[in-house]
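Enquirer: Return a 3D structure for these sequence lines:
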Amino acid sequence: MNQSNIPFRTWDLDLLTDYVLKFHHRNTRKYGALLLKRLMTLGEHHHELDKVTDHFRNSIQDLDTHCMKEENVLFPYILELYAASELNQKIQPFHCGSIEFPIHAMMEDHSDELSRHQRIEELTNGYQAPAGSEEEYQQVLDALKQFRGYMEEHIYVENEILFPRALQLEAKHTVTLTCR
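Expert: Next up, the predicted model:
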């Protein structure tokens, strides 16, 4: 899934988290909103794009919610885990016991988005504008394809590197609570 030459596996967890936040989350919101406007404008004269527009609108709304959950709940704790590991310390467990459940929920979101963008690809005939359509049509489809590529990189970094490492750190650097 990773189409990048960036050596993400060599990066520290705090750098990976910052990259996801400052590149992927920021750009998902910024360029997703701009692309939706372009798609809606184009769709005014191309009603065959109505389902594509609906899928993409739902995608950027769901991705925004997904990003907020990571930014406000999961990533702050992951950064605490990283800091504890750097100092060889232990921290209190996550408020619901483990980050395993929220990570699983994030990965389910990722799976849903991959399926949704697969459907967009199918609806756009592999991101190919109909013969004779204006240049903007193909440019919007190219932008949808690029958006998907960045989303796939985002998912790769989180699912394959960031989340597994965070779980490893959690196992080593959280206090074990005992009931008496």
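
Enquirer: Are there helices or strands packed against the longest helix along the chain, and which ones?
Expert: Secondary structure of the chain per DSSP state H: the longest helix is helix 100-123. The criterion is 3 or more CB pairs under 8 Å, 6 or more residues apart in numbering; DSSP states H and E, and the helices and strands that helix 100-123 contacts are helix 50-69, helix 135-156, helix 163-173. Just so you know, the C-beta spots here come from the backbone N, C-alpha and C atoms, and that holds for glycine as well.

Enquirer: Apply 6 Å and report the result again.
Expert: helix 50-69 (3 or more CB pairs under 6 Å, 6 or more residues apart in numbering; DSSP states H and E).

Enquirer: neighbours around residue 16, how many?
Expert: 20 (other CB atoms under 10 Å).

Enquirer: re the thing from before, what is the orientation angle of the longest helix of the chain with helix 163-173?
Expert: 180 degrees (axes from the mean of the first three to the mean of the last three CA atoms, to 10 degrees).

Enquirer: can you tell me the average pLDDT over helix 100-123?
Expert: For helix 100-123, mean pLDDT is 97.

Enquirer: Can you pull the phi/psi pair for residue 131?
Expert: Phi and psi for residue 131, reported as degrees, to the nearest 10, are phi -60, psi 140.

Enquirer: ignore the last one, residue 87
Expert: phi -100, psi 0.

Enquirer: Just give me the neighbour total for it.
Expert: When neighbours are counted by other CB under 10 Å, residue 87 comes out with 10.

Enquirer: what about residue 129, which SS state?
Expert: With DSSP: H, G, I helix; E, B strand; the rest coil as the basis, residue 129 sits in coil.

Enquirer: neighbours of it, just the number please.
Expert: 19.

Enquirer: now do residue 41
Expert: The burial count for residue 41: 12, using other CB under 10 Å.
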